[in-house]
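K.L.:
Kindly generate the corresponding structure for this input.
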Amino acid sequence: MLDSLQFARAAQSLPVLQEAGSSFTREFQQKAFFASIPAGRDVFIEGDRVEAIALLISGVVRVYKVGETGREITLYRFGNGSSCILTANAILSQNTFPAIATVEQDAEAVMIPADVFRDWVKRHDLWREFVFDLLSQRLSTVMAVIDEVAFKRMDRRVASLLLERAGKQNPLRITHQEIASELGSSREVISRLLEDFVSDGGIRSGRGIVEVLDFEALESRAVA
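P.N.:
Residues are numbered from 1 along each chain as shown. This next block holds a predicted model:
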């Protein structure tokens, strides 16, 4: 059960609660529970049974797959006011979790037990719409990842990633391995591409730091 402060925070973050009537909000407060999850902790690993779904009200969770060779690829991230479609799918299909979900930034979440989640999907139109909207949004993200992996050259993908991140923070605190894990490549491939970018004058690369020096040059690499 959520106390009044926890429910108020959830209501601020979750649009579904802002639109809900008094009956559903009372049920939500009674059936949900609050959880704090520190950065670095795995919420689920592949093969786990899913007993509850987390609706984040702070923090960031990364969902990714690991291949037989140990390479990682990020499927998507979710944060404040959102949740994980693979968790929702596992609950609805009553299958195990098919990937790994790890907290990247200290997270706080409202947890909905699996049986309650399924019951609400059956009984509440508003909750069902919330779940379907979530599925639609995340499916688009995953399809974009598949498109990039299957059809785009790695140098374009690295350039696009650096430009996106540098638009928020430059220099970037990111390692070659972290870039590789994000894009589903190997550290060796990423290091070689970054060396090319350095030679072109587009970036400066140091231990755990990449700085974009020439945005136009990097943009040219991203669309070449």
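K.L.:
And the helices in the protein, which stretches?
P.N.:
Assigned by DSSP state H, the helices in the chain fall at 4-13, 15-19, 22-31, 85-93, 114-123, 125-151, 154-166, 176-183, 187-199, 215-223.
K.L.:
Leu56 versus the residue nearest to the spatial centre of the chain, what's the distance?
P.N.:
Centroid-nearest residue in the chain, with Cα atoms, centre = their mean: Arg77, separated by 0.9 Å. Taking Cβ to Cβ, to the nearest Å as the measure, Arg77 falls 10 Å from Leu56. Where you see a C-beta, it was placed from the backbone N, CA and C, and this is true even at glycine.
K.L.:
can you list the domain ranges for this structure.
P.N.:
The chain breaks down by automatic domain parsing into domains covering 4-149, 152-223.
K.L.:
how about those domains in a markdown table, adding mean pLDDT?
P.N.:
Shown next, in a markdown table, are these (pLDDT from 0 to 100):
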| stretch | mean pLDDT |
| --- | --- |
| domain 4-149 | 90 |
| domain 152-223 | 88 |
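K.L.:
ok, back up a step: can you redo the helices of the chain as a markdown table with distance to Glu51 and mean neighbour count?
P.N.:
A markdown table is the format used below for those (distance: least, Cβ to Cβ, whole Å; neighbours: other Cβ atoms under 10 Å):
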| stretch | distance to Glu51 | mean neighbour count |
| --- | --- | --- |
| helix 4-13 | 19 | 15 |
| helix 15-19 | 21 | 15 |
| helix 22-31 | 14 | 15 |
| helix 85-93 | 9 | 19 |
| helix 114-123 | 6 | 15 |
| helix 125-151 | 17 | 14 |
| helix 154-166 | 34 | 19 |
| helix 176-183 | 27 | 20 |
| helix 187-199 | 35 | 16 |
| helix 215-223 | 42 | 14 |
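K.L.:
Throw those helices into a markdown table and include distance to Arg49, thanks.
P.N.:
A markdown table is the format used below for these (distance: least, Cβ to Cβ, whole Å):
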| stretch | distance to Arg49 |
| --- | --- |
| helix 4-13 | 25 |
| helix 15-19 | 25 |
| helix 22-31 | 19 |
| helix 85-93 | 8 |
| helix 114-123 | 9 |
| helix 125-151 | 19 |
| helix 154-166 | 34 |
| helix 176-183 | 26 |
| helix 187-199 | 33 |
| helix 215-223 | 41 |
